[in-house]
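Q: Quick one: sequence and predicted model below, then my questions.
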2 protein chains.
Amino acid sequence: MNTKTNILIIGAGLCGSLLALRLAQRGYKITLVEKRPDLRTQHQDAGRSINLALSDRGLKGLRLAGVEEAALQLCIPMYGRMIHDMEGNTFLSKYSGRANEYINSISRPGLNMLLLDEAEKMPNVTIIFNKGCKSVDLENGSATFKDYPTNEEVTYTGDIILGTDGAGSSVRKAMFNHKKFLFSFSQEWLTHGYKEITIPPANDGGYRTEKGALHIWPRGEDMLIALPNLDGSFTVTLFLPYSNSEYCFDNLTTPEMVTEYFTKEYPDAVALMPNLVEEFFSNPTGPLGTIKCSPWNSYGKTLLLGDAAHAIVPFYGQGMNASFEDVVVFDEILDRFTSESTDWNTVFYEYEKARKKDTDAIADLAVDNFHEMKEHTASALFQKKRKLETAFEAEFPDKYYSKYSLVTFKEEITYAEALQQGRAQDKAILNLLDDGKLPEDMELSEKLKLVQQQTQAILHDDEVAGNL
Amino acid sequence: MNTKTNILIIGAGLCGSLLALRLAQRGYKITLVEKRPDLRTQHQDAGRSINLALSDRGLKGLRLAGVEEAALQLCIPMYGRMIHDMEGNTFLSKYSGRANEYINSISRPGLNMLLLDEAEKMPNVTIIFNKGCKSVDLENGSATFKDYPTNEEVTYTGDIILGTDGAGSSVRKAMFNHKKFLFSFSQEWLTHGYKEITIPPANDGGYRTEKGALHIWPRGEDMLIALPNLDGSFTVTLFLPYSNSEYCFDNLTTPEMVTEYFTKEYPDAVALMPNLVEEFFSNPTGPLGTIKCSPWNSYGKTLLLGDAAHAIVPFYGQGMNASFEDVVVFDEILDRFTSESTDWNTVFYEYEKARKKDTDAIADLAVDNFHEMKEHTASALFQKKRKLETAFEAEFPDKYYSKYSLVTFKEEITYAEALQQGRAQDKAILNLLDDGKLPEDMELSEKLKLVQQQTQAILHDDEVAGNL
């Protein structure tokens, strides 16, 4: 047990609270500081993303900390995408041809409360709320916080600091502004923003539409999605351009325009959202950004994890899952590189070396999917591809995994491997289809063989060319 | 003539001074403000990159402003890369198989002085030195400067502001910190830094090594290059990792280690650099970074151009050329979108739409080349490719352009087109060579046909897959 090492964790969201729990289980003495009030005693954050997709990589992290079963109690399985067309017709596109592969809708505050409860049960964890990080002394491993009720400042010191304070991370900003080492950093915003709207429960307390699916209303540039909540409601998210479009956030400025837009584009959804206009104007519009940076650590004292190190857009449903997988990878690195006289600089360096290429990959995959989801609605070729892949996965469940399945259900391979294999497969299928080399009357097994051969050829050619 | 529009240009380096000259020729009233002293009256910047590679895209910009001939007087043609191996053997690898394609070594301060002289001749140009930009009021189009001799602050207002204040741009920082719009931004640092050393003229005033070449001492991770100056000297640049290597900037801390390193790796160069050790310790070590951002304009009032908008690493010799090409593209946009009642928001938007993909492309190409220059020394396949391409260009000068030639000598195509075509060609040749499909006894014209077919197939496959 490492009872002598004090770890200061800044940010008690999903990543920080799971990390605190797991590191406490390893014996470290944990101080977990959060700027918000304790969400177990004070409701907050109306309008923020309140449910999330939990899948295999996230579950693996929860399992590591012994809280998978408890988390599953909060989950609603979603077996596929329920596509809603302009006429209100629906059809279900399953996530996988394999029966046991689905994703889960889970409440962000519900899961966060569970993790805080479990962390707090540990005798070596102290959780402090209402203290916002104002500055970090990177060279000495201390951070200064403002106490929100009193405005008093307090400084905490750790043997190491772990920054899990999310996409707007104060710890990362301290590194960016430090200027004594080269800090690579990028923030990339999409042209779209998002806004949340509620589908309340039916009058009998049940669900107003199919519970066991992630609903999607794809409309080219715009899109509505909905995930179920345990109380019978759904949280709907609108993705819409900020500007330069007939309907965009800059233009939807009156109740009439909002009603006109939704009635025209999403008539079946409008019927489910009685508070649409009110919520449209009272809920905030959020931006969609990707954040990457390097190095994640400074002076062997401070390390970024979760969204603080790699915030991604939500189009793969992997943000939380990636953060929980961070905890798994960090735990493995601790197994390999800690000792009586741990060199934290080495631990942090090895962690980034093991992890960075994968968080870069899921960031890029998520942006790809933003563009692909638009393509899907427009391109017959993409639809043919998806149909073929579903057939492959149903008929040959051990031999074929789509890019989506590789990312979502194959937690034994890395995001970077999923990206490389998945992109090559997509390219192979799209070109074979386009070249007429997968005719209707060809045996499915023959088609699979051809796709696999072509995928290998693409990977080989890329390797020879050094991925130019 | 647009004598009513006042344009404030911040930064009188190469891009800002050419832009001032060209916009003055178009009739605008120009105020050009520079933080440094007038380099025509005060020598400065020892250790900074003092010569640069000027090639076709840059010459096109100078031609537009009528100063190409004057600039060529300052140029030393470099016809190829002179490669120096570990034993001191040299061989010349020409830039192109076409006789008229070469690049030029030119003095940065010399060219800047020329451009300042020409701009100053215009009655509608005012140049102000020694005033550093401290803040920009983006919404109102004014900027506040500190006067360095007096420390007094002064505010200048323009109908529009053009920020050409380089990689560390204050104007760009104002946009980054503004927070009222979404500003995508990235700074990516290479693991290597650079340092400049001098090869002085020979005792008779001549050159100590071949004048008409860009000299390269490729050593895998490390590299030395040298460009000739008009006075008989060469400016040598060392590229070396900062850390994590036997020889790196972090380790080269004593005269003995510097001497040991250079003597071991670059014995023939050591003989030419009598002040090596002294200069190594007195000259600064510079970082190598890529900066991208978007939008380049804010409120239709302020626009970034040159390195302020897109700083790149030097491995394609295109930094200055890209900035001069910015002036050409901006001039074309002014032709198309200005009128009696110019909407600058539209001008700036159309400029970025036309230009951004190309500056992104040259940034990526320059980083590619950093890695490729290392590959070249290690990979027989890459060397075979280069040999074949040189043969293609010599034998079929109108039918084949290498990626380097497309970027450097084909200013009629964009950087983005050069990147796409060049990468596809490279991939085609490397794979055909690797697959043994270009045997020694095949006719060169047959080889070219095969390469062209394969290049087209690669471009087609990428297009079908949407460049996944």
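A: Yes, it's here. Residues are numbered from 1 along each chain as shown, chains lettered A, B, ... in the order given.

Q: In stretch A:245-258, which residues are buried?
A: A:Ser245, A:Tyr247, A:Cys248, A:Phe249, A:Asn251, A:Leu252, A:Val258 (16 or more other CB atoms under 10 Å in any protein chain shown). Yep, even glycine has a C-beta here, placed from its N, CA and C like the rest.

Q: element containing the fourth one?
A: Right, the one you point to is A:Phe249. Assigned by DSSP states H and E, A:Phe249 belongs to neither a helix nor a strand.

Q: Report the secondary structure state of the residue in the stretch 51-200 of chain A positioned nearest to chain B.
A: Of all residues in the stretch 51-200 of chain A, the one sitting closest to chain B is A:Ser186 (3.3 Å; CB to the nearest CB). When classified by DSSP: H, G, I helix; E, B strand; the rest coil, A:Ser186 comes out as strand.

Q: quick one: it from A:Pro218, how far?
A: A:Ser186 is 28 Å from A:Pro218, where distance means CB to CB, to the nearest Å.

Q: between these two, which one's more packed in?
A: A:Pro218 (21 against 18; other CB atoms under 10 Å in any protein chain shown).

Q: name the element that one belongs to?
A: strand A:214-219.

Q: which element follows that strand toward the C-terminus?
A: Next along from strand A:214-219, by DSSP H and E: strand A:222-228.

Q: For that next one, buried residues please.
A: Buried, per 16+ other CB under 10 Å, within strand A:222-228: A:Asp222, A:Met223, A:Leu224, A:Ile225, A:Ala226, A:Leu227, A:Pro228.

Q: hang on, the earlier thing: filter the buried residues of stretch A:245-258 down to just the ones in helices.
A: Applying DSSP state H to those, the entries found in helices are A:Val258.

Q: So which of the buried residues of stretch A:245-258 is the closest to A:Thr164?
A: Within the buried residues of stretch A:245-258, the smallest distance to A:Thr164 is 30.2 Å, found for A:Phe249 (CB to CB).

Q: sorry, back to before: for my notes, please list the buried residues of strand A:222-228 in a markdown table and give distance to B:Asn275 and pLDDT for each entry.
A: Formatted as a markdown table, the buried residues of strand A:222-228 follow (distance: CB to CB, whole Å; pLDDT from 0 to 100):
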| residue | distance to B:Asn275 | pLDDT |
| --- | --- | --- |
| A:Asp222 | 65 | 93 |
| A:Met223 | 64 | 93 |
| A:Leu224 | 68 | 95 |
| A:Ile225 | 66 | 95 |
| A:Ala226 | 71 | 97 |
| A:Leu227 | 68 | 97 |
| A:Pro228 | 73 | 96 |
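
Q: now, among these, which is nearest to A:Lys427?
A: Nearest to A:Lys427 out of the buried residues of strand A:222-228 is A:Met223 (CB to CB; 24.5 Å).

Q: Return the residues in contact with that closest one.
A: Applying CB atoms under 8 Å, 6 or more residues apart in numbering or on different chains, we find A:Met223 in contact with A:Ile216, A:Trp217, A:Leu238, A:Phe239, A:Met373, A:Lys374.

Q: about what we covered before: who touches the strand holding A:Pro218?
A: By CB under 8 Å, 6+ apart, strand A:214-219 touches A:53, A:78, A:80-84, A:86, A:103, A:105, A:209, A:223-227, A:234, A:265-266, A:269, A:317, A:373-374, A:376-377.

Q: if we go to 7 Å?
A: A:78, A:81-84, A:209, A:223-227, A:265-266, A:269, A:373, A:376-377 (CB atoms under 7 Å, 6 or more residues apart in numbering or on different chains).

Q: Please spell out the ChimeraX selection for the buried subset of those residues.
A: To isolate the buried members of the contacts of strand A:214-219 in ChimeraX, using 16+ other CB under 10 Å:
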select /A:78,81,82,83,84,209,223,224,225,226,227,265,266,269,373,376,377
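
Q: any idea how far B:Phe280 is from the closest residue in space to the residue of the stretch 51-200 of chain A closest to chain B that isn't next to it in sequence?
A: Spatially, and ignoring its direct neighbours in sequence, A:Ser186 is nearest to B:Ser186 (3.3 Å; CB to CB, 6 or more residues apart in numbering or on different chains). Going from B:Ser186 to B:Phe280 by CB to CB gives 31 Å.

Q: Next: A:Leu62.
A: 54 Å.

Q: what do you get for A:Asn51?
A: For A:Asn51, the distance to B:Phe280 - CB to CB - is 59 Å.

Q: Then A:Gly16?
A: On the measure of CB to CB, A:Gly16 and B:Phe280 end up 46 Å apart.

Q: In a markdown table, list the contacts of A:Met223 along with pLDDT.
A: Listed next are these as a markdown table, based on pLDDT from 0 to 100:
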| residue | pLDDT |
| --- | --- |
| A:Ile216 | 93 |
| A:Trp217 | 93 |
| A:Leu238 | 97 |
| A:Phe239 | 96 |
| A:Met373 | 77 |
| A:Lys374 | 69 |
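
Q: between these, which is nearest chain B?
A: A:Lys374 (10.8 Å).

Q: Report pLDDT for the closest residue to A:Asn251 other than its chain neighbours.
A: Leaving aside its sequence neighbours, A:Asn251 sits nearest to A:Met257 (CB to CB, 6+ apart; 6.7 Å). With respect to pLDDT, A:Met257 scores 97.

Q: what's the burial count for the residue nearest to A:Glu120 when sequence neighbours are not counted?
A: Closest residue to A:Glu120 apart from its sequence neighbours, by CB to CB, 6+ apart: A:Ile127 at 5.9 Å. Neighbour count for A:Ile127, taken as other CB under 10 Å: 18.

Q: distance of the residue nearest to A:Val329 when sequence neighbours are not counted from A:Gly158?
A: Leaving aside its sequence neighbours, A:Val329 sits nearest to A:Arg355 (CB to CB, 6+ apart; 5.0 Å). Distance from A:Arg355 to A:Gly158, counting by CB to CB: 21 Å.

Q: Looking at those two, which has the bigger crowd around it?
A: A:Arg355 (25 against 21).

Q: Surely A:Thr235 is in a strand?
A: Yes: counting by three-state DSSP, A:Thr235 is part of a strand.

Q: who does it bridge with?
A: In this entry, A:Thr235 is beta-bridged to A:Thr198, A:Leu227, by DSSP bridges.

Q: And for A:Ser93?
A: A:Ser93 has the following beta-bridge partners by DSSP bridges: A:Arg81.
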